[in-house]
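Asker: 3D model of this:
(2 chains)
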Amino acid sequence: MELLYSLMDTLLPLEALSFTFMKNAFLAILLLTPLLGLLGTMAVNQQMAFFSDALGHSALTGIGLGIVLGVSSDLLAMLVFGVVWALLICRIKQTGAASTDTVISVFSSTSVAAGLLILSRGGSFAKYSTLLVGDVLAVTPSDLLYLLIALIAGVLLWAAMYNHLLLGSVNPSLARTRGVRTRLVECLFVVLVAVAVMLAIKWVGVMLINALLILPAAAGRNLARSSRSHAAWSVGIALVCGVAGLLSAYAWDTSAGSAIVLYAAACYFLSLAARRFVK
Amino acid sequence: MPTQSCSLCRIALDKVSVVRGGQTLLQDVSMHIHCGQLTVLIGQNGAGKTTLIRALLGELPHGGSIRHVDEHGRAVPRLRTGYVPQHLDFDKEMPVTVEDFMASAFSRRPVWTGVSRRTREKVLAALTEVNAAELLKRPLGRCSGGELQRVLLALAISPAPDLLVLDEPVSGVDQNGLKMFLDTVVRLKEQHHMAILLVSHDLNLVRQYADHVALLDKSVLVQGPPDRVFASPEFQQIFAVGASNLVSARHHGVERWSPRVSADNQEGGDA
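Answerer: Now for the predicted structure:
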């Protein structure tokens, strides 16, 4: 860790990065944004923005339930609940019983309400308000380790499932004739998104997590023609906005999450304008 | 691709039935789909055509049997199916090229990391087979209905399947594109001797291209060479009023084939 810190001092001699907590936050951004950028490409193409938004909100319920059930780790409670919740929606979506966005809306409101009900009991919600906006400056070296593991595992899984997911998203029957287990792959994808979202939420916040997943990919979509350029744009925009947002937040003394998202939003609007020249 | 020679190898359907939600969608469908022949399935909406295709693809549980039999009447355990779906339900703005799409089926390397030269050559060879090489770098959403259809055909025939299933690919594609598509299908049939099942609403084209026609209405009412089927009382009864409608229905559908227009539930129920 010390080696890494001194390396950063040499390579990035910025005043903002002279503090250890800023170094940690910087590294966290470098680990978090690429995975969200990659996953976002498919979330956007499959029109799942609303789904991932609702998924972020379910973190509140996860923590709430964790408290009720006496689970000591917030992260564990969020992860388990997020995964179960994602699979449930996936299942309902696959049976095609009701319009997907209605189902998601029902689940989303229920989970937010349940989460708030539990967390606000006894007027103690203020304790959890950092959950809403996130605090990337609170990242510790051990957090960085699990983010690194998550990044590696996430990218590997993503590499393994992407082609199958793409085929299935174009036509499930066609994908099945080529040996793709479409339902399994779909479920794996939502679980992967759920895990990535839950890991990121403490640092970015419930309110903003979805923007970080969707905005870079949405901007990249306006600029790209192929899968490869879409992934490259999305990851690039996520990284640049992440770093720029963090440094700006330091300069302006404001929340890093919101600065990052605003940069990403600016990229999206720029990409809209640039779109006609690219495509 | 190897050219197999068989005179009588076939996909044999024996008393295939599908019941869903208490409703009988198919009852005792028995027919043979021969190699080297273009078998066309006709019937009105709700007759069970899509249901039969889904049973053939192994997507629906069914009674009876579907067997792949070689020229000596021996069962072949594997049935490799190529499938050209009726429509694609994808977002037209999706930045995925024809090359990406096909490479994702041909190669394990995730296409967001790019496409290897070997895979690209494979994709190009498949596209060339259906006269669509120029589509390689085109985003999928920028292809017309006819172009998409050729891309899907290129994918379905690589590697050459035992059975090629074409699900109503005629709807919404202009006359030229349609003719080009069917000419390609006929050429493939002759070159690779594959068994081809086509679902069609266009009776004129059925007459022109089919080797064997099966008229479906929950079960096979009549089957045989096109002329015989068209002259049968069963055909007359079903299409007597509807014939002109069906032909004109196709002309209503000639505006570009839109991937977002969903028509797969037309078979009624959950078929």
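
Asker: For the residue most central in space within chain B, which residues count as its bridge partners?
Answerer: Nearest to the mean C-alpha position of chain B, by C-alpha atoms, centre = their mean, lies residue B:166 at 0.7 Å. Beta-bridge partners of residue B:166, counted by DSSP bridges, are residue B:84, residue B:198.

Asker: Next one: it relative to residue B:52, how far apart?
Answerer: For residue B:166, the distance to residue B:52 (C-beta to C-beta, to the nearest Å) stands at 13 Å. For glycine as for every other residue, the C-beta is placed from the backbone atoms N, C-alpha and C.

Asker: what about whichever residue of the stretch 1-150 of chain A sits closest to chain B, neighbour count?
Answerer: Residue nearest to chain B within the stretch 1-150 of chain A: residue A:45 (4.6 Å; C-beta to the nearest C-beta). Neighbours of residue A:45 under the rule other C-beta atoms under 10 Å in any protein chain shown: 22.

Asker: That one: what's it in contact with?
Answerer: A:169, A:221, B:90, B:91, B:94, B:95, B:96 (C-beta atoms under 8 Å, 6 or more residues apart in numbering or on different chains).

Asker: Show me what counts as buried in stretch A:272-279.
Answerer: Using 16 or more other C-beta atoms under 10 Å in any protein chain shown as the burial criterion, none of the residues of stretch A:272-279 qualify.

Asker: where does chain A dip in pLDDT?
Answerer: Confidence mapping of chain A against pLDDT under 70 gives the ranges A:96-99, A:279.

Asker: Look up how far residue A:86 lies from the residue of the stretch 1-150 of chain A closest to chain B.
Answerer: The value you get for residue A:45 to residue A:86, if C-beta to C-beta is used, is 18 Å.

Asker: Likewise for residue A:103?
Answerer: Distance from residue A:103 to residue A:86, by C-beta to C-beta: 13 Å.

Asker: Looking at the two, which is more packed in?
Answerer: Using other C-beta under 10 Å as the criterion, residue A:103 and residue A:86 rank with residue A:86 on top: 26 against 17.

Asker: residue contacts, that one?
Answerer: Per C-beta under 8 Å, 6+ apart, neighbours of residue A:86: A:55, A:190, A:191, A:193, A:194.

Asker: Also residue A:248?
Answerer: A:259, A:263.

Asker: mind checking which helix or strand it is in?
Answerer: Using DSSP states H and E, residue A:248 falls within helix A:227-252.

Asker: List the buried residues of that helix.
Answerer: A:227-239, A:241-250.

Asker: Stretch A:46-59 now?
Answerer: A:46, A:48-59.

Asker: what do you get for stretch A:20-35?
Answerer: A:22-35.

Asker: cool, and stretch A:173-180?
Answerer: A:173, A:174, A:175, A:176, A:177, A:178, A:180.

Asker: Now tabulate those residues in a markdown table and tack on distance to chain B and secondary structure.
Answerer: Below are the buried residues of stretch A:173-180 laid out as a markdown table (distance: C-beta to the nearest C-beta, whole Å; DSSP: H, G, I helix; E, B strand; the rest coil):
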| residue | distance to chain B | secondary structure |
| --- | --- | --- |
| A:173 | 6 | helix |
| A:174 | 5 | helix |
| A:175 | 8 | helix |
| A:176 | 7 | helix |
| A:177 | 4 | helix |
| A:178 | 5 | coil |
| A:180 | 9 | coil |
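
Asker: if we can go back for a sec, residues contacting the residue nearest to the centre of chain B?
Answerer: Counting by C-beta under 8 Å, 6+ apart, residue B:166 has contacts B:84, B:153, B:185, B:196, B:197, B:198, B:199.

Asker: coming back round to it: what separation is there between the residue of the stretch 1-150 of chain A closest to chain B and residue B:93?
Answerer: Counting by C-beta to C-beta, the gap from residue A:45 to residue B:93 is 8 Å.

Asker: Name the residues contacting each of those two.
Answerer: Shared contacts of residue A:45 and residue B:93, defined by C-beta under 8 Å, 6+ apart, comprise residue A:221.

Asker: Do stretch B:43-53 and chain A come into contact?
Answerer: No: judged by C-beta under 8 Å from any C-beta of the partner chain, stretch B:43-53 stays clear of chain A, getting no closer than 8.6 Å.

Asker: Also stretch B:96-110?
Answerer: Yes: counting by C-beta under 8 Å from any C-beta, chain A has neighbours in stretch B:96-110: B:96, B:97, B:99, B:100, B:101, B:103, B:104, B:105, B:107, B:108, B:109, B:110.

Asker: hang on, isn't residue B:12 packed against residue B:73?
Answerer: No: Residue B:12 is beyond contact range of residue B:73, at 9.5 Å (criterion: C-beta atoms under 8 Å).

Asker: More neighbours: which of those two?
Answerer: residue B:12 (17 against 10).

Asker: Residue B:131: neighbour count?
Answerer: Other residues near residue B:131 come to 14 when the count uses other C-beta under 10 Å.

Asker: which residue packs closest to residue A:255, ignoring adjacent ones?
Answerer: Spatial nearest neighbour of residue A:255, chain neighbours left out: residue A:133 (5.2 Å); criterion: C-beta to C-beta, 6 or more residues apart in numbering or on different chains.

Asker: excluding its backbone neighbours, what's nearest residue 217?
Answerer: Picked chain A for this. Per C-beta to C-beta, 6+ apart, closest to residue A:217 is residue A:40, 3.1 Å.

Asker: The chain in question should be chain B.
Answerer: Spatially, and ignoring its direct neighbours in sequence, residue B:217 is nearest to residue B:47 (4.8 Å; C-beta to C-beta, 6+ apart).

Asker: tell me which element the one you found is part of?
Answerer: Going by DSSP H and E, residue B:47 is not in any helix or strand.

Asker: Surely it and residue B:216 touch.
Answerer: Yes: contact criterion C-beta under 8 Å: residue B:47 and residue B:216 qualify, at 4.8 Å.

Asker: Spell out which residues of the stretch 151-279 of chain A are next to chain B.
Answerer: So the stretch 151-279 of chain A meets chain B at A:158-160, A:162-164, A:166-167, A:169-171, A:173-174, A:176-178, A:220-221, A:224-231 (C-beta under 8 Å from any C-beta).

Asker: Pick out whichever of the contacts of residue B:166 sits closest to residue B:230.
Answerer: Nearest to residue B:230 out of those is residue B:198 (C-beta to C-beta; 16.0 Å).

Asker: so what's that closest one up against?
Answerer: By C-beta under 8 Å, 6+ apart, the contact set of residue B:198 is B:38, B:39, B:40, B:41, B:166, B:169, B:185, B:209, B:210.

Asker: Kindly provide the distance from the closest residue to residue A:134 other than its chain neighbours to chain B.
Answerer: Closest residue to residue A:134 apart from its sequence neighbours, by C-beta to C-beta, 6+ apart: residue A:205 at 3.0 Å. Per C-beta to the nearest C-beta, to the nearest Å, residue A:205 is found 28 Å from chain B.
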